[in-house]
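**Student:** Please find the sequence and the predicted model below.
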Amino acid sequence: MAGVLVALGVAGPLVVLPASFLAGGGGFDPIALALLPSALLRSVLLGVGVAVGTLAIGGSLAVLVSFYDFPGRRWLDWALVLPLAVPAYVLVFVLVGQFGYANPLQSSLFGAGLQLPGLRGPLGAICALTAVLYPYVYVLGRSAFLGQSRRSIDAARSLGRSYGQAVRGIALPLARPALAAGAALAVMEALADFGAVNLLGYQTLTDAIYRVWYGAFDESAALQLASVLVGLALLMVVLERLLRGRARYDQALSRGDAVIPLRLRGWRAGAATAAPVALLVLVFGIPLLQLVAWSAETVLAGRVADRLGEAVTSTLLLAVAAALLAVVTSLAVVYGQRIAPSRLGAVASRIASVGYAVPGTVVAVAVYVPLVWLDRRLIAGADNLFGIDIGLLFTGSILGLVGAYVIRFHAQAFFSLESRMGRIHPHLDDAARALGADRARLLAEVHVPLLWPGVLTAALLVAVEVIKELPATALLRPLGRDTLAVLTWEATKDARFDTAALPALLIVLVGLIPVVMLIRLRNRDGVRPPVGPGAG
């Protein structure tokens, strides 16, 4: 029951979205109805494109690094996660700055008045978001492959299948829940993206919500469009459950039982190294070098923002607080469904995960409305009872902002922990109960140790997203407490790319901290497959 209450608490503020239809007389606002068809079509196209792209790239890279040995495999294992630290809007503004009208390279290559082909529109948006979101599929897929036993692969090979056929027929189906969860996270992130699609001029539902909210100042129409976006998220959740299929339990419980990668030779080994390296150069290396160059110009010119140091501190504090709280709430929901599964709990847990597809501004407003009411009641109560002014406890501090982060990114922690929990066989629970363990001891001594890689992954995903989050931070941050994302966007929207480069570079560098921590802890505590010649 506690898990159900936590899930409903996370999803509670989002009830303001369907309530907007009641306020509007039960129908669509005229402005929302005019924008809905085209914006919905673009959002669906974007979601499908990102799903296909992230599954193809992230899944293929996870298979390559997990089951094959080739030059550079050890460092590519962690390097392929690095694009996760790059916000999509940072990648896009670097591309726009590099290939814009005023750029000499753009003018010489494409002539005056021309733009880089495919940069703007659906193809550019899909490619940009896929490039920075594929690590979701890669991280969760790699974690699933690390936990698989080589006995299944060996059994398939003994029946006459090749190594590649065994991987496709055995390993991939076993990892399907993790791959589906990663793709669902990527699609929901793409559906809720604003910065990248706005810079590329691709008007999705999120962009329409912003235009209605800040242009027409029509709160009802914006919330109705957001409700449609939540509907897409629910559809994504249903599809993710269908892609999971039935749970399978296959876990490598010892280092000697892990899969031994097959050593590639000749041109295959060269291609296996070249393809991931080329991807990293395009998505991470070149943008990082450009940010460094622009940042150096900014520092030499003395245009460094005065609030930069405070922004770094605020960004790290918010990321750590939100990651810890999101892991705790997600663990409560997942464990509650494990020990006392119910239809109500399943529905509540899925509803709590749709916040990830809601634009940050809408989440901020959904959180702000009840928190303002609560702050007013607390101020009035303290004044009447004690005669003191306690000020704004929630809307005037980081508490409201952290709450918005948890609602927004609960899905990331939930999917990661649920995927890991699904690989723990129920027989372990039965054995622990037979030995007299209660629910608290079962969680502490059985589930938490086995869930530890999933806990680390969940904390990483939430922390990186908090560092990159823009709209919710801009609306709910306490006065004078800017983050790196806010500083970057304020300069980017005015086309001051060189000024935006330094905080954007720091976003990437700060975002690398949890990425590196997860990789180091996974390599130290997780099951790492030994390198060997493989079979055949």
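**Tutor:** Perfect, I can see it now. Residues are numbered from 1 along each chain as shown.

**Student:** other SSEs contacting whichever helix or strand residue 327 is part of?
**Tutor:** Assigned by DSSP states H and E, residue 327 falls within helix 308-339. Secondary-structure packing of helix 308-339 (3 or more CB pairs under 8 Å, 6 or more residues apart in numbering; DSSP states H and E): helix 2-11, helix 343-352, helix 398-421, helix 448-468, helix 484-492, helix 497-525. All C-beta spots, glycine's among them, are computed from the backbone N, C-alpha and C.

**Student:** Which positions in that helix come out as buried?
**Tutor:** 311-312, 314-316, 318-323, 325-327, 329-338 (16 or more other CB atoms under 10 Å).

**Student:** How about stretch 264-282?
**Tutor:** 264, 269, 272, 273, 276, 279, 280.

**Student:** Tabulate those in JSON lines, adding columns for distance to residue 236, pLDDT and secondary structure.
**Tutor:** Listed next are the buried residues of stretch 264-282 as JSON lines, based on distance: CB to CB, whole Å; pLDDT from 0 to 100; DSSP: H, G, I helix; E, B strand; the rest coil:
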{"residue": "264", "distance to residue 236": "35", "pLDDT": "87", "secondary structure": "coil"}
{"residue": "269", "distance to residue 236": "37", "pLDDT": "90", "secondary structure": "helix"}
{"residue": "272", "distance to residue 236": "32", "pLDDT": "91", "secondary structure": "helix"}
{"residue": "273", "distance to residue 236": "34", "pLDDT": "93", "secondary structure": "helix"}
{"residue": "276", "distance to residue 236": "27", "pLDDT": "94", "secondary structure": "helix"}
{"residue": "279", "distance to residue 236": "25", "pLDDT": "93", "secondary structure": "helix"}
{"residue": "280", "distance to residue 236": "28", "pLDDT": "93", "secondary structure": "helix"}
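
**Student:** Just send those back as TSV, with distance to residue 71 too.
**Tutor:** Listed next are these as TSV, based on distance: CB to CB, whole Å:
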residue	distance to residue 71
264	9
269	6
272	8
273	5
276	11
279	16
280	15
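
**Student:** any idea which of these is closest to residue 356?
**Tutor:** residue 279 (25.0 Å; CB to CB).

**Student:** How about the contacts made by the closest one?
**Tutor:** Residue 279 is in contact with 57, 80, 131, counting by CB atoms under 8 Å, 6 or more residues apart in numbering.

**Student:** show me what contacts the first one?
**Tutor:** Applying CB under 8 Å, 6+ apart, one finds that residue 57 lies in contact with 130, 134, 137, 138, 279.

**Student:** hmm, 7 Å instead?
**Tutor:** Contacts for residue 57 were tallied using CB atoms under 7 Å, 6 or more residues apart in numbering; they are 130, 134.

**Student:** And it, how far from residue 88?
**Tutor:** Plainly put, residue 57 is 15 Å away from residue 88 if you go by CB to CB, to the nearest Å.

**Student:** The second one now?
**Tutor:** Separation of residue 80 from residue 88 (CB to CB): 17 Å.

**Student:** Could you pull out the helices in the stretch 101-250 of the chain for me?
**Tutor:** 104-110, 122-146, 150-158, 163-166, 172-174, 176-192, 195-199, 205-210, 219-244 (DSSP state H, counting those that start in this stretch).

**Student:** Nearest to residue 368 among these would be which one?
**Tutor:** For the helices of the stretch 101-250 of the chain, proximity to residue 368 was assessed by CB to CB; helix 219-244 is nearest, at 11.9 Å.

**Student:** what angle do that closest one and helix 343-352 make?
**Tutor:** Orientation check (axes from the mean of the first three to the mean of the last three CA atoms, to 10 degrees): helix 219-244 against helix 343-352 gives 120 degrees.

**Student:** buried ones in helix 219-244?
**Tutor:** For helix 219-244, by 16+ other CB under 10 Å, it's 220-230, 232-233, 236-237, 240, 243-244.

**Student:** Next: stretch 488-501.
**Tutor:** By 16+ other CB under 10 Å, the buried positions in stretch 488-501 come out as 488, 489, 490, 491, 492, 497, 498, 499, 500, 501.

**Student:** how about those residues, which pair is most distant?
**Tutor:** 489 and 498 (14.9 Å).

**Student:** related to what we said a few turns ago, for residue 46, state which of the buried residues of stretch 264-282 is nearest.
**Tutor:** Relative to residue 46, the closest of the buried residues of stretch 264-282 is residue 279; by CB to CB it sits at 20.6 Å.

**Student:** so how far is residue 411 from the closest one?
**Tutor:** 26 Å.

**Student:** how about low-confidence regions in the stretch 301-450 of the chain?
**Tutor:** Applying pLDDT under 70 to the stretch 301-450 of the chain flags residues 305-306, 357, 359, 396.

**Student:** one more time with 50
**Tutor:** Within the stretch 301-450 of the chain, no stretch has pLDDT under 50.

**Student:** Could you export the buried residues of stretch 488-501 to TSV, including columns for distance to residue 406 and pLDDT?
**Tutor:** What follows is the buried residues of stretch 488-501, written out as TSV (distance: CB to CB, whole Å; pLDDT from 0 to 100):
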residue	distance to residue 406	pLDDT
488	23	83
489	22	78
490	25	76
491	28	76
492	27	75
497	33	72
498	35	73
499	32	75
500	28	81
501	31	84
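
**Student:** got JSON lines for the helices of the stretch 101-250 of the chain, with distance to residue 41 and mean pLDDT too?
**Tutor:** Shown next, in JSON lines, are the helices of the stretch 101-250 of the chain (distance: least, CB to CB, whole Å; pLDDT from 0 to 100):
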{"stretch": "helix 104-110", "distance to residue 41": "29", "mean pLDDT": "41"}
{"stretch": "helix 122-146", "distance to residue 41": "10", "mean pLDDT": "88"}
{"stretch": "helix 150-158", "distance to residue 41": "43", "mean pLDDT": "76"}
{"stretch": "helix 163-166", "distance to residue 41": "38", "mean pLDDT": "79"}
{"stretch": "helix 172-174", "distance to residue 41": "32", "mean pLDDT": "83"}
{"stretch": "helix 176-192", "distance to residue 41": "13", "mean pLDDT": "85"}
{"stretch": "helix 195-199", "distance to residue 41": "14", "mean pLDDT": "82"}
{"stretch": "helix 205-210", "distance to residue 41": "10", "mean pLDDT": "80"}
{"stretch": "helix 219-244", "distance to residue 41": "12", "mean pLDDT": "74"}
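
**Student:** Dump those helices into a markdown table; add distance to residue 75 as well.
**Tutor:** Compiled in a markdown table, these are given as follows (distance: least, CB to CB, whole Å):
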| stretch | distance to residue 75 |
| --- | --- |
| helix 104-110 | 30 |
| helix 122-146 | 14 |
| helix 150-158 | 23 |
| helix 163-166 | 24 |
| helix 172-174 | 25 |
| helix 176-192 | 22 |
| helix 195-199 | 28 |
| helix 205-210 | 36 |
| helix 219-244 | 31 |
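
**Student:** Residue 465 is nearest to which of those helices?
**Tutor:** helix 176-192 (7.7 Å).

**Student:** got the angle between that closest one and helix 398-421?
**Tutor:** 150 degrees.

**Student:** what inclination does helix 176-192 have with respect to helix 448-468?
**Tutor:** Calculated by the same axes, to 10 degrees, helix 176-192 forms an angle of 20 degrees with helix 448-468.
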